[in-house]
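Novice: I need the structure of the sequence given here:
(one chain, ligands or ions: 1)
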Amino acid sequence: MSIVIHHLNNSRSQRILWLLEELGHAYELKSYQRDAQTNLAPPELKALHPLGKSPLLEIDGRMIEESGAIVQVLCDRYGPAWLPEAGSDDALRHLELMHFAEGSAMTPILLNLYVSRLGDAGAPLRERIDEQLAAHFGYMEQILRPSGHFIGDGWTGADVMLSFPAEVAIMQGAGDVYPKLAAFVAAIHARPAWQRARAKSGAYFAT
Ligand SMILES: N[C@@H](CCC(=O)N[C@@H](CS)C(=O)NCC(=O)O)C(=O)O
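Specialist: As a prediction, this is how the structure comes out:
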């Protein structure tokens, strides 16, 4: 079984590297660098997938796209302890949060990123974007459990998926507003597996 992660620097793919390190299965890291001017992915990624985005995971030559699908496949095959018991309510909650991470939480984050580049021209959207960022980060803060996890008492794929929007919240300077998210991110960054991933990837915006 061969696993290759096609990793773009400073991207959502960092959480996949972290999970791979946690699972301890051998894998190959293929790194791609963002263009220094545009911050976009290099054309090499388009040779692998029409959208040219990362992460992409290759298992025995089969390319798998989308972080959520990648996390699910990796946990199913190599890390069942990272998934709630099948058929349980936690499993349903896990499914919701796996989709929430990319399907909902990333929307105001990306709107903020793009609209910020418009300067004053983006002013009419600012109030709505700020309100939606606060709504999504606030929701994450609210549902983070006393255990420090989004589901149950241990690490799951949902924690991996939500690590990226949580990092964005903290890197935007909102650690005081979202102390549980700040502790969640700090706990992740303290993990040896995360540090191994960080050493392999090089610079990452959230550290
Ligand atoms: N929903 C996708 C999003 C993938 C995505 O947009 N990746 C960004 C990195 S955070 C990317 O490759 N951007 C480079 C580009 O668009 O040129 C996933 O989670 O896999």
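Novice: which residues touch I3?
Specialist: Contacts for I3 (Cβ atoms under 8 Å, 6 or more residues apart in numbering) come out as L20, H25, A26, Y27, E28, L57, E58, I59. From N, CA and C alone the C-beta is placed, and that goes for glycine too.
Novice: Closest to A174 out of these?
Specialist: The closest of the contacts of I3 to A174 turns out to be L20 (Cβ to Cβ; 28.5 Å).
Novice: Can you read off the pLDDT for that closest one?
Specialist: Note on L20: pLDDT of 98.
Novice: Am I right that it is in contact with H7?
Specialist: No: with contact defined as Cβ atoms under 8 Å, L20 does not reach H7; the gap is 9.7 Å.
Novice: Residues of this protein that sit close to the ligand?
Specialist: For the chain, the contact set with the ligand under Cβ under 6 Å from any ligand atom comprises L8, S11, R12, L40, A41, G52, K53, S54, P55, E66, S67, E102.
Novice: so what's the second one up against?
Specialist: It stands for S11. S11 neighbours (Cβ under 8 Å, 6+ apart): R34, S54, P55.
Novice: Okay, strands next: where are they in this protein?
Specialist: For the chain, applying DSSP state E gives strands covering 3-8, 28-32, 56-59, 62-65.
Novice: So which residues make contact with the third one?
Specialist: Outside strand 56-59, the residues within contact range by Cβ under 8 Å, 6+ apart are 1-6, 16, 45, 48-49, 63-65, 70, 73-74, 77.
Novice: which among those end up buried?
Specialist: Neighbour-count burial (16 or more other Cβ atoms under 10 Å) applied to those gives I3, V4, I5, H6, I16, L45, L48, E65, I70, L74.
Novice: and the two most separated of those residues?
Specialist: L45 and L74 (19.9 Å).
Novice: What's the per-residue pLDDT of F205 here?
Specialist: pLDDT, read off for F205, is 89.
Novice: Pop the domain breakdown of this protein in here.
Specialist: 3-82+193-201, 89-191 (automatic domain parsing).
Novice: Include distance to T207 when you put those into CSV, please.
Specialist: Shown next, in CSV, are these (distance: least, Cβ to Cβ, whole Å):
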stretch, distance to T207
domain 3-82+193-201, 6
domain 89-191, 6
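Novice: Show me which of the contacts of I3 is closest to L162.
Specialist: Distances from L162 to these, taken by Cβ to Cβ, are shortest for L20, at 17.6 Å.
Novice: what about that closest one, how many neighbours?
Specialist: 25 (other Cβ atoms under 10 Å).
Novice: can you count the residues close to the nearest residue to it once chain neighbours are set aside?
Specialist: Leaving aside its chain neighbours, L20 sits nearest to Y27 (5.1 Å; criterion: Cβ to Cβ, 6 or more residues apart in numbering). If you count neighbours by other Cβ under 10 Å, Y27 ends up with 20.
Novice: ok, Y27 touching V4?
Specialist: Yes: contact criterion Cβ under 8 Å: Y27 and V4 qualify, at 6.8 Å.
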